[in-house]
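In: Provide a 3D model corresponding to the input given below.
(chains A and B)
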Amino acid sequence: MGWAIAIHGGAGDIPLSLPPEKRLPREAGLRRCLEVGIAALKARNHPLDVVELVVRELENHPNFNAGKGSVLTTSGTVEMEASIMDGKTMKCGAVSGVSTVVNAISLARLVMEKTPHIYLAFDGAEAFAREQGLETVEMSHFITPENIERLKQAQEADRVQIDYTQPIQKEMPKDAAVADGDSQIGTVGCVAVDNEGNLATATSTGGLVNKMVGRIGDTPVIGAGTYANHLCALSATGRGEAIIRGTVARDVAAVMEFKGISLKEAAAYVIDRVPPGTAGLIAVSSTGEITMPFNTTGMFRACATEDGYSEIAIWDSPSK
Amino acid sequence: MGGWGIAVHGGAGVDPNLPKERQEEAKRLLTRCLDIGISALRSNLSAIDVVELVVRQLETDPLFNSGRGSALTENGTVEMEASIMDGPKRRCGAVSGLSTVKNPVSLARLVMDKSPHSYLAFLGAEEFAKKQGVELVDNEYFITEDNVGMLKLAKEANSILFDYRIPTIGTCGAGAAAMDNPLQMNGLPISVYAPETVGCVVVDKEGRCAAATSTGGLMNKMTGRIGDSPLIGSGTYACELCGVSCTGEGEAIIRSTLAREVAAVMEYKGLRLHEAVDFVIKNRLDEGKAGVIAVSKNGEVACGFNTTGMFRGCATEDGFMEVGVW
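Out: Numbering: from 1, shown residues only, chains lettered A, B, ... in the order given. Predicted coordinates for the structure are as follows:
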């Protein structure tokens, strides 16, 4: 069978005209993070360790909406959230409202392993992080100029954007040094399976541009943005509210199990039922299948399998 | 087929040594809430309005673990959470980390109806509450003497992990002090850790389903801990087919996305409501302990639990009504 891994850097209205200076760093980021994951799998690390490792890399990369580079709340602050789940044991961990922890995904893992709980948020999560000795920094560490600009545009447009939504009636001059509002970044995630069928998933995000302070999205909600069981592991991205309502990650696994269809068919089925332009996901099955469907314009993604196949993509038609 | 249906719960996992008078008190409250729901249904209120109305009643009464009477965090404070879901378009709203909002379920409803989001928590949720003008009170309002006592016991239980000889509380004294109570939930003696989350599910005459759940969470929980009650798909779920509210060990309910599971087996396996509830209780909980109440668009109601007891009540338009503990 062999191992398999998939990663994403967010789904959304990524314009086909994305200029190279915005596209190349993200492709390079995906490539590097994929390589980190591949190396870890080759070294026979457990998928749970692999997904955490890869998502840490994605969080540290400033061009994705997680960790450094997180989008901002309406108050200009950063509130990050993340979750992680192990398919075999179905143990899981989640955090929300994290503003100073360098790697929220690692905090989620500690919640899973070091507390009797699954989910910690805000002050309680921050206090736990310090108790555990996790690396913390000033919130300014996570804030990038692109995101300050994105927030400004969102507030001017007076609406909440998913990361990739183009600003309405807004034409930025071509030589603008800052993001042109279509935020080519998004939630990040990683799913992996080893050749023993151990599955794991991890997802991390800064959330929605201009979100209300205290807003929680799908990322830390087990069953919505993240899910893993003995059949498959999934990480979703897009419009959080739609993914929560659609219990997207859980539904793919449920459809596979109850309808007896393949991972690819199950994922396509679920993505089709979420409103167009709102979601994408990556998934691997216990038998090494990979699928990465999306109903948005694009989704930053990459995947690889032990037999040597690998792929990095942004657009193309969603896998059917 | 058809007609309205309603079910309420006050928590799955009941101490078998619970004094008779507490059981009667609980049954009276459940009956009262059912009656309120039934009147509302007869007055043609929609399912979503009825579940909110009934859960508000349960929150206001200090008996169960929600609103007033909520379990306490390790710091002796109250942090409440709730969620609500409207079947027809699967609209939903949830809140966590509330400490001054008198009725969490109503704030969850406002998140659903009046905000661009589905889930707000802690300071952000409290800010939203202020802006919406909902009734706010001091955190002390929610704290009862009973629970202050329980918190002490919970802390003691935590430090003497394997000693089950926790004296029972309440006025029933016969042999209580030395009684072995090996029943556990959340890893600790049930006399201390009974969840008592509240919830209500309703299907109205038009076949619309709705569900709502509200809780103070786990006694002695870490501050910031979020359980299953505000998580759509875990503690609460409603769609075209059914409305579901769960209670019990939060971690087990989340891991099994229990509420969504009931609907999923109906949708994808074609099971009827009762079969779906039985199926998930039997097959999805492993060592976890939980209970479920559910209604279907056809007017059916069902309850299931693998715990020792669940405070519950249900009624259907054809006159059926039942309130129970065991």
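In: so which bits of the stretch 151-300 of chain B are right by chain A?
Out: By the rule Cβ under 8 Å from any Cβ of the partner chain, the part of the stretch 151-300 of chain B lying against chain A is B:186-187, B:218, B:221-227, B:231-234, B:237, B:250-251, B:254-257, B:260-261, B:264-265, B:268-269. To be clear about C-beta, it is placed using only N, CA and C from the backbone, and glycine gets the same treatment.
In: pull out the buried members of the residues you listed.
Out: Buried members of those, scored by 16 or more other Cβ atoms under 10 Å in any protein chain shown, are B:186, B:218, B:221-227, B:231-234, B:237, B:250-251, B:254-257, B:260-261, B:264-265, B:268.
In: so which residues of the stretch 1-150 of chain B form helices?
Out: Counting by DSSP state H, counting those that start in this stretch, one finds helices in the stretch 1-150 of chain B at the ranges B:20-42, B:47-60, B:104-114, B:122-132, B:145-159.
In: Throw those helices into a markdown table and include mean pLDDT and mean neighbour count, thanks.
Out: Compiled in a markdown table, those are given as follows (pLDDT from 0 to 100; neighbours: other Cβ atoms under 10 Å in any protein chain shown):
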| stretch | mean pLDDT | mean neighbour count |
| --- | --- | --- |
| helix B:20-42 | 96 | 18 |
| helix B:47-60 | 98 | 25 |
| helix B:104-114 | 98 | 25 |
| helix B:122-132 | 98 | 20 |
| helix B:145-159 | 88 | 15 |
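In: if I pick the closest residue to chain A within the stretch 201-326 of chain B, what's in contact with it?
Out: Nearest residue of the stretch 201-326 of chain B to chain A, counting by Cβ to the nearest Cβ: B:Gly224, 1.5 Å away. Going by Cβ atoms under 8 Å, 6 or more residues apart in numbering or on different chains, B:Gly224 touches A:120-125, A:127-128, B:79, B:97, B:122.
In: residues near the residue nearest to it when sequence neighbours are not counted, how many?
Out: Distances taken as Cβ to Cβ, 6 or more residues apart in numbering or on different chains put A:Gly124 closest to B:Gly224, at 1.5 Å, once the chain neighbours are dropped. A:Gly124 has 26 neighbours, counted by other Cβ atoms under 10 Å in any protein chain shown.
In: any stretches of chain B with poor pLDDT?
Out: The model of chain B has pLDDT under 70 over residues B:1, B:159-182.
In: ok, for the most centrally placed residue in it, nearest residue in space, not its chain neighbours?
Out: Nearest to the mean C-alpha position of chain B, by Cα atoms, centre = their mean, lies B:Val198 at 2.7 Å. Nearest residue to B:Val198, sequence neighbours excluded (Cβ to Cβ, 6+ apart): B:Leu58, at 3.9 Å.
In: quick revisit: sort out for me which of the contacts of B:Gly224 are in helices.
Out: Mapping the contacts of B:Gly224 onto helices (DSSP state H) picks out A:122-125, A:127-128, B:122.
In: format these as TSV; extra columns: distance to A:Lys259.
Out: Formatted as TSV, the ones in helices among the contacts of B:Gly224 follow (distance: Cβ to Cβ, whole Å):
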residue	distance to A:Lys259
A:Phe122	39
A:Asp123	43
A:Gly124	40
A:Ala125	37
A:Ala127	44
A:Phe128	40
B:Phe122	39
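In: interface residues of the stretch 51-200 of chain A facing chain B?
Out: Looking at chain B, the residues of the stretch 51-200 of chain A close enough under Cβ under 8 Å from any Cβ are A:90-92, A:94, A:96-97, A:115-125, A:127-128, A:159-160.
In: kindly recompute the last result at 6 Å.
Out: When proximity is defined as Cβ under 6 Å from any Cβ of the partner chain, the stretch 51-200 of chain A approaches chain B at A:90, A:117-125, A:160.
In: mind listing what residue 9 touches?
Out: If you meant another chain, say so; for now it's chain A. When the contact criterion is Cβ atoms under 6 Å, 6 or more residues apart in numbering or on different chains, the partners of A:Gly9 are A:30, A:64, A:186, A:188, A:300.
In: that's the wrong chain, I meant chain B
Out: By Cβ under 6 Å, 6+ apart, the neighbours of B:His9 are B:199, B:247, B:293, B:312.
In: please pick the buried ones from those residues.
Out: Among those, those buried by neighbour count (16+ other Cβ under 10 Å) are B:199, B:247, B:293, B:312.
In: closest to B:Leu72 out of the residues you listed?
Out: Set against B:Leu72, the nearest of those by Cβ to Cβ is B:Thr247 (18.1 Å).
In: ok, the residue of the stretch 201-326 of chain B closest to chain A to B:Pro195 distance?
Out: Noted for B:Gly224: a distance of 18 Å to B:Pro195, by Cβ to Cβ, to the nearest Å.
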